[in-house]
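S.K.: 3D model of this:
(one chain, ligands or ions: 3)
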Amino acid sequence: MSNDKGKKKKSPIFIYYAILLVVILIVSYMLVPKLIEPKEKEISFSEFTEMIKTDKAEQVEINSNQFKLKPKDFKETNTYYVTGNISNYIDESTALLSLLDEKGLKYGSPIVSSNYVLEFIVYVVPTLVTVAFFILLYRSMNKKGGVMSFGKNTSKIYAETSTGKTFADVAGQEEAKQNLVEIIDFLNNPGKYTAIGAKLPKGALLVGPPGTGKTLMAKAVAGEAKVPFFSLSGSEFVEMFVGMGASRVRDLFKQATENAPCIVFIDEIDAIGKSRDNSFNSNDEREQTLNQLLAEMDGFDSSKGVVILAATNRPEILDKALLRPGRFDRRIIVDLPDQQGRIDILNVHSKNVLMEPDVNFEVIARATPGASGADLENIINEAALRAVRAGKARVSQKEMEDAIEVVIAGEEKKNRVMSDDEKRIVAYHETGHALVTSLLTHTEPVHKITIIPRTSGTLGYVMHVAKKEKVLMSKKELMEEIVILTGGRASEEIEFQSITTGASNDIERATEMARNIITIYGMSDTFGFVNWQKKNTLYLGDSKTMNCSEETQTKIDNEIQLITGECYKQALELLSSHKATLDAIASVLYEKETLTGDEFMKLFAELEPDIVLARTDDGV
Ligand code: ADP
Ligand code: MG
Ligand code: ZN
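M.R.: Numbering: from 1, shown residues only. Ligands and ions are numbered 1, 2, ... in the order given. Predicted structure coming up:
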């Protein structure tokens, strides 16, 4: 439960205090003086002298236009008596003065009102009230959950003692779960790790497209470990006042440390963790918040059992400082579900929905490649709504299929969900890479081949089959690498006699590699032992500049074209001569969307019994 309610309760109280303050100030400055200000009563000159004669006067003030008399009973009546100045009449005024002298009354200086009550009310009370108000305000701002948590950061921190979610609520995502098991164990039993002196990662970054269950996964981790869950969403920082973001981060960590073991979850961390390099649109507030986050992550003691999880769908824009060891140095990929994953998710979300026996999740899953967990949940709900509208007691396959169109149709235009044709092309493309690898190098291509859209990569869905990088590479190996990169496009051409934009990243990498062969490694026959590229080492990142004449550059470009062209031809030949294997593996990949290394090896061994593959021992 979010604390929003608490915040709503607090602001009216603040307003009441402010109104009260204003009322007190108005009363004391304007009304009180009016009420108790001494009154002045006009009397005749004879009455005036009479009062002096009968000893009723205490003091007399003479100024240019009037005489003023303060009576002895002033405290009771609160009234002065005044009369016109008669100094033009010499006799009368002389008589008055001698009368005053005779009675021993002061008359030169003005009458000073010495109404202490009035002065106290008018000057001291408002000052005291104002000071008290600010003290109260200040104290409540510094105290957690004070009466007036006005602008208080705790109000938006989302704290749960128990999330109620477990891994059973997260369908599929086995890899991600496996990676998180250790963190759960650590939270359950920090002593086990600290006893040995092992340092556990302070933070892990959940990376994946929207709706794949990153938030859900973080909650499930807290649920599995049975620890409290503190969360904060990066997007909330954007709307905050200066300095608030940083203080909220400070607060979050303070609370978390008090409640350890627990999980701190920062959703949409890209909103604060954007790279600071981009000075075009620097944002002081965001930078302050980020700096505070970095400082807190460095400062807190993870042995107490606080683990920070963060989620993002744009890992590439994150500030490098966030990804350094001791911060979010672990990356957990939460990918879009494959065919089986989609069936599992449909099963999880249909538990409480009445379904006809004819509903076939396999068909639904097949029709929704590229759909996220959130999309699938949405499809089930949409189908249930349709069933209600149609007056049915249960959801049938028809509603499910209609729901796909409603939920996915809009998305399809955005190219997020693959059409069937696209899926077939991608299956051939990826199989092309994998098969060329195996045929050329006699090794297993990679531990996983997938045609599920990916978070990263230019087109979003191409998982490249690349070998582990070695320290030393021969020219032959480099050339093989280029052949493998061209294998995707070659496969498309062989099967469909047409080519797509899906290979653009391959082309970029192949070109780069061919350029390096010539200009850095000095491996080209034409140019030999020379270097034509200069490396500019920047802080956290490299760039390269060409270091040769324009004519040489042209020659190099031609040579690159020769190399990649030659490699492409080789890939075409390899794949054409093993077309049956290509077709078979591509159709399995199309069907299942993901193949593990083992599955690939098994298929390959059946189809090409003469070639024995070795394992590429990569832990990617
Ligand atoms: P993200 O944070 O990655 O954008 P969420 O965790 O908010 O995604 O997921 C949105 C909803 O989609 C979840 O509440 C859940 O119901 C559903 N969902 C997504 N992935 C899964 C999954 N693997 N298993 C079950 N439900 C899922
Ligand atoms: Mg989320
Ligand atoms: Zn490719």
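S.K.: Could I get the CA-only coordinates of the helix or strand containing Ile364 as PDB?
M.R.: Per DSSP states H and E: Ile364 is located in helix 361-366. This file holds the C-alpha atoms of helix 361-366, laid out as PDB (Å, rounded to 0.1, in the frame of the first residue of the first chain):
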ATOM      1  CA  PHE A 361      -3.300 -21.700 -24.800                       C
ATOM      2  CA  GLU A 362      -0.800 -23.200 -27.200                       C
ATOM      3  CA  VAL A 363      -2.700 -21.700 -30.100                       C
ATOM      4  CA  ILE A 364      -2.900 -18.400 -28.300                       C
ATOM      5  CA  ALA A 365       0.900 -18.500 -27.500                       C
ATOM      6  CA  ARG A 366       1.600 -19.300 -31.100                       C
END
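S.K.: That one vs ligand 1: in contact?
M.R.: No - applying CB under 6 Å from any ligand atom, one finds helix 361-366 separated from ligand 1 by no less than 12.9 Å. From N, CA and C alone the C-beta is placed, and that goes for glycine too.
S.K.: what distance separates that helix from the middle of the whole chain?
M.R.: Centroid separation for helix 361-366 versus its chain: 34 Å, with CA atoms, centre = their mean, to the nearest Å.
S.K.: Which strands or helices does it pack on?
M.R.: Here helix 361-366 touches helix 339-349, helix 397-413, going by 3 or more CB pairs under 8 Å, 6 or more residues apart in numbering; DSSP states H and E.
S.K.: Smallest gap between the stretch 101-250 of the chain and ligand 3, at which residue?
M.R.: Distance from ligand 3 to each residue of the stretch 101-250 of the chain (CB to the ion) is smallest for Pro209, at 19.1 Å.
S.K.: Ok, the chain next?
M.R.: Nearest residue of the chain to ligand 3: Gly488, at 3.3 Å (CB to the ion).
S.K.: Could you check how far that residue is from ligand 1?
M.R.: 28 Å (CB to the nearest ligand atom, to the nearest Å).
S.K.: residue contacts, the closest residue to that residue other than its chain neighbours?
M.R.: Spatial nearest neighbour of Gly488, excluding adjacent residues (CB to CB, 6 or more residues apart in numbering): His429 at 4.1 Å. Residues near His429 by CB atoms under 8 Å, 6 or more residues apart in numbering: 462, 488-489, 491-492, 500, 502-503.
S.K.: The same query, at a cut-off of 7 Å, please.
M.R.: Applying CB atoms under 7 Å, 6 or more residues apart in numbering, we find His429 in contact with 462, 488, 491-492, 502.
S.K.: What ranges does the stretch 451-600 of the chain have for its helices?
M.R.: 475-496, 504-519, 550-577, 579-592, 597-607 (DSSP state H, counting those that start in this stretch).
S.K.: my read: His447 touches Gly597, true?
M.R.: Yes - contact between His447 and Gly597 holds when scored by CB atoms under 7 Å: they sit 4.2 Å apart.
S.K.: what about the closest residue in space to Leu478 that isn't next to it in sequence, neighbour count?
M.R.: Of all residues not flanking Leu478 in the chain, Ile517 sits nearest, at 5.6 Å (CB to CB, 6+ apart). For Ile517, the number of neighbouring residues by other CB atoms under 10 Å comes to 22.
S.K.: Around ligand 1, pick out the residues from the stretch 351-500 of the chain.
M.R.: Close to ligand 1, as judged by CB under 6 Å from any ligand atom, the stretch 351-500 of the chain has residues 373-374, 377.
S.K.: rerun at 8 Å
M.R.: 372-374, 376-377 (CB under 8 Å from any ligand atom).
S.K.: Wasn't Leu232 part of a strand?
M.R.: Yes - applying DSSP: H, G, I helix; E, B strand; the rest coil, one finds Leu232 inside a strand.
S.K.: Just the pLDDT at it, thanks.
M.R.: At Leu232, the pLDDT value in this model is 83.
S.K.: now swap in Lys41 and tell me
M.R.: 83.
S.K.: Could you do Ala218 as well?
M.R.: In this prediction Ala218 is given a pLDDT of 92.
S.K.: Can you classify it as helix, strand or coil?
M.R.: Ala218 - assigned by three-state DSSP - is helix.
S.K.: number of nearby residues for it?
M.R.: 27.
S.K.: same question, the one 5 residues further on
M.R.: Per other CB under 10 Å, the neighbour tally for Gly223 reads 21.
S.K.: That one sits in which helix or strand?
M.R.: Counting by DSSP H and E, Gly223 is found in helix 214-225.
S.K.: Break down the stretch 101-250 of the chain into its helices, ranges please.
M.R.: 116-119, 125-142, 174-188, 190-196, 214-225, 234-238, 244-258.
S.K.: Just name the most buried of the ones you listed.
M.R.: Highest mean neighbour count of the helices of the stretch 101-250 of the chain: helix 214-225, a mean of 24 (counted as mean count of other CB atoms under 10 Å).
S.K.: Report the inter-axis angle for it versus helix 174-188.
M.R.: 40 degrees (axes from the mean of the first three to the mean of the last three CA atoms, to 10 degrees).
S.K.: Report all helices and strands that helix 214-225 contacts.
M.R.: With contacts taken as 3 or more CB pairs under 7 Å, 6 or more residues apart in numbering; DSSP states H and E, helix 214-225 sits against helix 174-188, strand 203-207, strand 262-267, strand 306-312.
S.K.: Make JSON lines from the ones you listed and add mean pLDDT and distance to Pro38 to it.
M.R.: Formatted as JSON lines, the helices and strands packed on helix 214-225 follow (pLDDT from 0 to 100; distance: least, CB to CB, whole Å):
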{"stretch": "helix 174-188", "mean pLDDT": "87", "distance to Pro38": "75"}
{"stretch": "strand 203-207", "mean pLDDT": "89", "distance to Pro38": "73"}
{"stretch": "strand 262-267", "mean pLDDT": "89", "distance to Pro38": "67"}
{"stretch": "strand 306-312", "mean pLDDT": "89", "distance to Pro38": "69"}
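S.K.: Adding distance to Lys56, write those out as a markdown table.
M.R.: Listed next are the helices and strands packed on helix 214-225 as a markdown table, based on distance: least, CB to CB, whole Å:
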| stretch | distance to Lys56 |
| --- | --- |
| helix 174-188 | 89 |
| strand 203-207 | 88 |
| strand 262-267 | 81 |
| strand 306-312 | 83 |
